[in-house]
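Novice: dropping the sequence and predicted coords here.
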Amino acid sequence: MPVLPREKLDKVVERWEVIQTELNAGPDPQSYAKLNKEFAELDPLVTSIQELRAVEQELADLQELAEDASDAEMRAMANDEIAELRQRLAGLQQDLQILLLPKDAADERSAIVEIRAGTGGDEAALFAADLFRMYQRYADLRGWKTEIISASENDLGGYKEIVASFTGEGVFARLKYESGVHRVQRVPETEAGGRIHTSAATVAVLPEAEDVDVDIRSEDIRIDTMRASGAGGQHVNRTDSAVRIVHIPTGITLVSAEKSQHQNRRQAMKGMRSRLYEQEIERRSDERAQARNSQHGSGDRSTRNRTYNIPQGRFTDHRINLTLHKLPEIISGDGLNEMVEALISHHQAEQLAAFENDTTT
């Protein structure tokens, strides 16, 4: 295990102490909010540093005791504790390394999730609806708020496409690994012969932009109101509540068709802001642009990040070669967190390996 950067750890603790002093001095509200956010980010790191240093000191004291002890039994007891402390120290060093890894600036943001039916017709649209309900349930369990921005349904209640915002702390950090092609193997309800069909849906997860990220000029957008289409009812037939927003320079178009025109404007603008924010990020980073463009992929069932095998109750993430035989719990959203944690751990392990390689070369 590489040596942790001691000077960097000292600077982290020093900065944490300075922030505490500045917060206690009673800064103005804007400065207080900024300082408090930075303090919250540094606090778990400093706690880990302090725990690491306490164990290092305890280990040094025990080693000195073992060396000076004239009693064989006392020396043996000290050596046993030294072995335990070394094991604990290794775990603390790895935890601290993870905390020191570079973080995606978008991780703490809320997210926009786009789900589209791929190959498979109506069955793919039904699967897209299943995926949305899975994420919606997962969001409920984590205390996040879900709002549908736009949706295109088929006659069976599936989604050709659905775009929704998931609002809460650290949403993007946990959902970003969901991007890609999801493949389902099951017997469709419309299949009389009981044959298993394979269908696909694609998922793209974008960090939700804040107002300060994107400047949308009023002259650059066109807002149209129209009569909503849907399953019928007086409201759908008589009220021009649906909103379509077009960003003229880029051609990006978003439609929201809930009951409230005010809500539709707000939701469509939220989605537009995130689309433009992501476009700006793509412009600045070719690597992210490639990742964003490949999130949906072709939607072909032969391409997949995930496979949901309904008859066998098997859930597989092909990126990390992990299979779980608890598909009902996962597709319901209740068991999804186990897969999310596995993906996060895998990503952290890759970052740690790269970090260790950099420190040894």
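Specialist: Sure thing, it's come through.
Novice: CA atoms of stretch 38-58 as CSV?
Specialist: Extracted as CSV, the C-alpha positions of stretch 38-58 are listed here (Å, rounded to 0.1, in the frame of the first residue of the first chain):
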residue,chain,number,x,y,z
GLU,A,38,-16.9,23.2,2.5
PHE,A,39,-16.8,22.2,6.1
ALA,A,40,-19.3,19.4,5.5
GLU,A,41,-17.2,18.0,2.7
LEU,A,42,-14.0,18.1,4.8
ASP,A,43,-15.4,16.9,8.1
PRO,A,44,-15.6,13.1,7.3
LEU,A,45,-12.1,13.4,5.8
VAL,A,46,-10.6,15.1,8.9
THR,A,47,-12.4,12.5,11.2
SER,A,48,-10.7,9.7,9.3
ILE,A,49,-7.3,11.5,9.5
GLN,A,50,-7.7,11.9,13.2
GLU,A,51,-8.7,8.3,13.7
LEU,A,52,-5.7,7.2,11.6
ARG,A,53,-3.3,9.3,13.6
ALA,A,54,-4.6,8.0,16.9
VAL,A,55,-4.1,4.4,15.8
GLU,A,56,-0.6,5.2,14.5
GLN,A,57,0.3,6.7,17.9
GLU,A,58,-1.2,3.8,19.8
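Novice: give me the contact list for it.
Specialist: Applying Cβ atoms under 8 Å, 6 or more residues apart in numbering, the contact partners of stretch 38-58 are 4, 9, 12-13, 15-16, 19-20, 23, 85, 88-89, 92-93, 95-96, 99-100. Placement of C-beta: from N, CA and C, glycine included.
Novice: if we use 10 Å, what do you get?
Specialist: 4, 8-10, 12-13, 15-17, 19-20, 22-23, 81-82, 85-86, 88-89, 91-93, 95-100, 103, 108 (Cβ atoms under 10 Å, 6 or more residues apart in numbering).
Novice: just the ones of those in helices?
Specialist: 8-10, 12-13, 15-17, 19-20, 22-23, 81-82, 85-86, 88-89, 91-93, 95-100 (DSSP state H).
Novice: in its sheet, what does the helix or strand harbouring Ile112 sit against?
Specialist: Assigned by DSSP states H and E, Ile112 belongs to strand 111-117. According to DSSP bridges, strand 111-117 forms sheet pairs with strand 159-167 (antiparallel), strand 197-207 (antiparallel).
Novice: mind listing what's buried in the shortest one?
Specialist: By 16 or more other Cβ atoms under 10 Å, the buried positions in strand 159-167 come out as Tyr159, Lys160, Glu161, Ile162, Val163, Ala164, Ser165, Phe166.
Novice: show me what contacts the third one?
Specialist: Pointing back at Glu161 there. By Cβ under 10 Å, 6+ apart, the neighbours of Glu161 are Glu114, Ile115, Arg116, Ala117, Ala125, Ala128, Ser150, Ala151, Ser152, Glu153, Ala201, Thr202.
Novice: number of residues surrounding the last one?
Specialist: So the one you mean is Thr202. Neighbour count for Thr202, taken as other Cβ atoms under 10 Å: 26.
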